[in-house]
Structures are given as C-alpha cells and as structure tokens.
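Trainee: coords below, sequence missing:
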DNA sequence: TACCTACATATAGACAGCCTACATGTAGAC
DNA sequence: GTCTACATGTAGGCTGTCTATATGTAGGTA
C-alpha cells in the first residue's frame, strides 16, 4: 500500500477501529492488519503520533493501564470523535465517488 | 475535497484524463472539474508541477503549441504512462477495497 | 482609454502527515 | 543467555499539495 495513498485517511481508519471498543496502540495496529486482511501494516511511527494528535484535537481520550506487567495507553472515542467518524465515513463515500468517476470515465474516442 | 486525501491519487487522475486525448494544463483542470461534477477544482499550483513531474518520470511527453495567440503546452500519455495508468487503476481498486473493509466493519457490540 | 474576465503557464515557499530509524523496556520461551 | 513478541515513543527526512504571486494574451465593455 502506497504510503501517500493513506494520507488524509488515517484518521478515519483509527477512529473506525476504536468505534466498537477502546484499544491501545499496539492492538490498533493489529486490528487494522486483521480487518484489512493483512494489507494494512501501519508502522508504529505513524500510529502513535497520529493517536496523540487525535487526542489533542479531542476525538480520543486515553488512560494508562498495566496488563501482565506491561504498560498500555488505552484510547477511546469521545463523543466528538464519534461524530467525527460519521463525517469521515461520508467524506470517504464522497471521495471514492469523485475519484472513481474520473478514473472510470470510459475512453470514448472522438469519431473521425 | 480535503487536499490530503488527494495525495497519491493525483497521478491517476492526470493520467486518466489524458487517456482519451492529449490536453494542455488548463484544459486538464477543466476536464477534472467536469468529470467530477464540479467537485475537483485542482489549483494550478498543483497541476503544473505534477505534470512536469510525470513528464520527468516518463509517463507524459509534451510539446508547445500556439492557439489563438496563446501558448499551450500539450501533454500526451507515453506507452509507459499508459501502462502506469493500468497500474494506478488496479491500485485504486485495491485501495478502496482495503480502506472500505476497515471503515465498513460493523460495530458489533460484545454481548454482555 | 481603462478595466475586467477568461485563458494560459509557472515558481517559491509554507505546511503537514506519513515514513524510517532508533531508543527503551517487560515477559516468556528455548 | 538469547530471541521473539509485546508495547510506547521521538527525531528527522521526505514529498506532494497548497497558497500566493508573477507574467502575459485576447476580447468585451464602460
């Protein structure tokens, strides 16, 4: 998956994965991998900063927990984040529709 | 349309618009606007550098023409560019499929 | 005449997000 | 003692899109 293609869609992916339950960063990466059938292997250097950014904006909140001697920072959707996810979903629809319409435009030859 | 979302898809859009016939930059912008139903208004500061980049890579070739006293640089797909367009189209399919699968994953609640 | 709009190309510099690479540490298996 | 999986984090690089600006022609109109 071309990294540039992900640009601007990372937020939607992260919010979406957190919709059904709170998760910590590492688990989020695994969830993305699983849900995408192995296609989305997002590096930690992408995910952790993105999560912090989303928390700073107010779409996520986080709290630390220790499980099996390991520290986890668990993120959960805020109300604002849940609302944003709705917006991201419709933006995605719009986006694919628009780009798709350009890419699919049949190469109708001008008659001569 | 969020600019970041376009990232990594601009090439596909430009190549696609040039598939049926050679066009100059200004006409390409209009073609994108038309094909997208008015949704894709790409600024000149994006298109012109992108076209040059695609030419440098070898996907496009260009030549100057004067029409009605105005100078145009007309771009056309090379064989390499036509092949690349195929790749871009399948990459787009893959991309939408993967992101879509993550976004659409129903928020199945854990029973309690 | 002066002005405005559409046509047409181009570049400099800002911006932002994703990446690679690295650092740090625990737990458990072998 | 070493390796892998688990787990978080940051610095700095890269690159493509954007804003803003510059330049110029053609044609309409006040």
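Mentor: Perfect, I can see it now. Note that the coordinates shown come from a computational prediction; the quantities given were computed from them, not determined experimentally.
Trainee: Now do the helices in chain A.
Mentor: Remark: helices assigned in chain A by DSSP state H are A:3-6, A:10-17, A:25-35, A:44-57, A:79-104.
Trainee: just those helices: most buried one?
Mentor: Sort the helices of chain A by mean neighbour count, taking mean count of other CB atoms under 10 Å in any protein chain shown, and helix A:10-17 sits at the top with a mean of 23. Any C-beta I mention is one placed from the backbone N, CA and C, and that applies to glycine too.
Trainee: what about that one, average pLDDT?
Mentor: Mean pLDDT, taken over the full extent of helix A:10-17, equals 98.
Trainee: what sits against the residue nearest the centre of chain A?
Mentor: Most central in chain A under CA atoms, centre = their mean is residue A:13, positioned 1.5 Å from the mean C-alpha point. Contacts for residue A:13 were tallied using CB atoms under 8 Å, 6 or more residues apart in numbering or on different chains; they are A:6, A:32, A:40, A:42, B:99, B:102-103.
Trainee: I'd like the helices of chain A laid out as JSON lines, including distance to DNA strand D.
Mentor: JSON lines is the format used below for the helices of chain A (distance: least, CB to the nearest atom of the strand, whole Å):
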{"stretch": "helix A:3-6", "distance to DNA strand D": "5"}
{"stretch": "helix A:10-17", "distance to DNA strand D": "13"}
{"stretch": "helix A:25-35", "distance to DNA strand D": "3"}
{"stretch": "helix A:44-57", "distance to DNA strand D": "3"}
{"stretch": "helix A:79-104", "distance to DNA strand D": "11"}
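Trainee: I'd like to know which of those lies nearest to DNA strand C.
Mentor: Between DNA strand C and these, the shortest gap by CB to the nearest atom of the strand is with helix A:44-57, which sits at 2.2 Å.
Trainee: elements contacting that closest one?
Mentor: helix A:10-17, helix A:25-35, strand A:60-67, strand A:70-77 (3 or more CB pairs under 8 Å, 6 or more residues apart in numbering or on different chains; DSSP states H and E).
Trainee: Let's see that with 10 Å instead.
Mentor: For helix A:44-57, the contact count by 3 or more CB pairs under 10 Å, 6 or more residues apart in numbering or on different chains; DSSP states H and E identifies helix A:10-17, helix A:25-35, strand A:60-67, strand A:70-77, helix A:79-104 as packing neighbours.
Trainee: Tabulate the ones you listed in JSON lines, adding columns for distance to residue B:85.
Mentor: Rendered in JSON lines, the data for the helices and strands packed on helix A:44-57 read as follows (distance: least, CB to CB, whole Å):
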{"stretch": "helix A:10-17", "distance to residue B:85": "26"}
{"stretch": "helix A:25-35", "distance to residue B:85": "29"}
{"stretch": "strand A:60-67", "distance to residue B:85": "39"}
{"stretch": "strand A:70-77", "distance to residue B:85": "39"}
{"stretch": "helix A:79-104", "distance to residue B:85": "9"}
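Trainee: So for residue B:86, which of the ones you listed sits nearest?
Mentor: When the helices and strands packed on helix A:44-57 are compared by CB to CB, helix A:79-104 sits nearest residue B:86, at 11.2 Å.
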